[in-house]
Every structure is written in structure tokens, then in C-alpha cells.
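Participant: Below are the sequence and a predicted model; questions follow.
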Amino acid sequence: MTQNLADIDRYIVEAIRVRRSIQVYDELYCSHESVEILLDKAGRVFGVLQRALHDEIVISLSRLFDSLGYDTKGGRQDYLSQLNIVNANESILTENEQELRKRTAVLWEEIDIKSYRNLKIAHNDKESLVVPDKIVKHGVSTEKAKELVDVSIQLMICIKRNFTGSEEVSLPQNPNDKYEGYARELVGRLKKI
């Protein structure tokens, strides 16, 4: 039980970090006004940061929601993923947790990032880089990504409640501190320069 709770807490910390990155990306790069200000003040720098943050979010979502793990000569290595945590706690899932699990599965399917991650971020797939009709895309929007992570965090909190038998559970970080407004504040300061 202690290991399960520790894994859930570690997962929650990582999911909150990813959720914050998505929020910052949304505020910086998904607003016409923000993009104009960023381009005007430091376009080259913010373009590099946009690509880095985008790719970091795609990779981080993959870590949270992709597969079970990988095989090594020493045996199977499990990922700290929602899939592994849910599978390890299958026997205590309520109908509510099953619904949350299904919702994350639907969202994960909709954002469809596996090919993009494999061919554009992890590897330089020549064909997808040079052949126009072979361009690889994903279905990630900031809204879907935020919902995916939020639902997953809620699922982990529910599983933790099942372990403790209490509605009140201690969390390693505040999942409601989503860094809302932080990037808008930065853009506002840049606008004054």
C-alpha cells in the first residue's frame, strides 16, 4: 500500500507539472495579442521557446499516458504511468473511477500523439519531413490536453481516497495551482517595454 501511495503522489506531482506547462503554453502562444507582443519583443527567442515547450508537453503527455514499460535484459521496467497505477489498483476502482479512466482513454485517443512523437520528436523520419502528403500531425489542443491531465489527476486523487478510506487526503502539491495568469502577466510586462 505504501508503494502504491508513493507512486500516486509521484504521478500527481508530474501531472501537475505538465498541467502547468500546458497552461503557460496556452497563455503565451494561443492568444493572438500575446503572439504579436512576443514576436515584436523577442520573436526569435520566443519561437525557440515555443517549439521546446510544445515538444516537452508532447513528450510529457506520452510519459503519463503511454504504455506499461519496456523490457531489458534485467527484466521488465514499469513506467510511472496512469495505465500502470490504474492496473495495479484495479480491484479498488469504483464506477466513478472507471468513468474517469474511460474519459482519459477517449481524450488520449483524440489527441493522437504517438506517431508525431515517434516520427517528429524522437526521430527525424525523413519521409514525414520532406514529402508533403506524408506530414505527421497530432490532435493536441491546449483544452484537450488540460482536460486529459485534470481528469487523470482527479482519478489519482480518487484512487488515493479509496486507499485511505477518507474524503480528505493529503496531496504532494496543490492541483488547483495551475499557473493561470502567470504567462499573461509576463506578456503584460513585455507589452510595457
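Facilitator: Nice, thanks for sending it over.
Participant: how about the strands of this structure, start to end?
Facilitator: In the chain, the strands defined using DSSP state E lie at 69-72, 75-78.
Participant: just checking, what packs against the first one?
Facilitator: Think strand 69-72. When contacts are defined as 3 or more Cβ pairs under 8 Å, 6 or more residues apart in numbering; DSSP states H and E, strand 69-72 packs onto strand 75-78. Bear in mind the C-beta positions are built from the backbone N, C-alpha and C, glycine included.
Participant: So what are the sheet partners of the strand it packs on and their directions?
Facilitator: Sheet pairing of strand 75-78 (DSSP bridges) gives strand 69-72 (antiparallel).
Participant: Quick one: mean pLDDT for the strand it pairs with?
Facilitator: On average, the pLDDT along strand 69-72 is 82.
Participant: Columns distance to residue 36 and mean neighbour count on top of the strands of the chain, output as JSON lines?
Facilitator: Formatted as JSON lines, the strands of the chain follow (distance: least, Cβ to Cβ, whole Å; neighbours: other Cβ atoms under 10 Å):
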{"stretch": "strand 69-72", "distance to residue 36": "44", "mean neighbour count": "10"}
{"stretch": "strand 75-78", "distance to residue 36": "45", "mean neighbour count": "10"}
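Participant: Tabulate these in a markdown table, adding columns for distance to residue 168.
Facilitator: Listed next are the strands of the chain as a markdown table, based on distance: least, Cβ to Cβ, whole Å:
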| stretch | distance to residue 168 |
| --- | --- |
| strand 69-72 | 32 |
| strand 75-78 | 29 |
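Participant: quick one, what contacts the spatially most central residue of the chain?
Facilitator: For the chain, the residue nearest the mean C-alpha position is residue 61 (3.7 Å; Cα atoms, centre = their mean). Each residue near residue 61 by Cβ atoms under 8 Å, 6 or more residues apart in numbering is listed here: 18, 111, 113, 140, 145, 148-149.
Participant: If anything else comes up later, I'll come back, but that's it for now.
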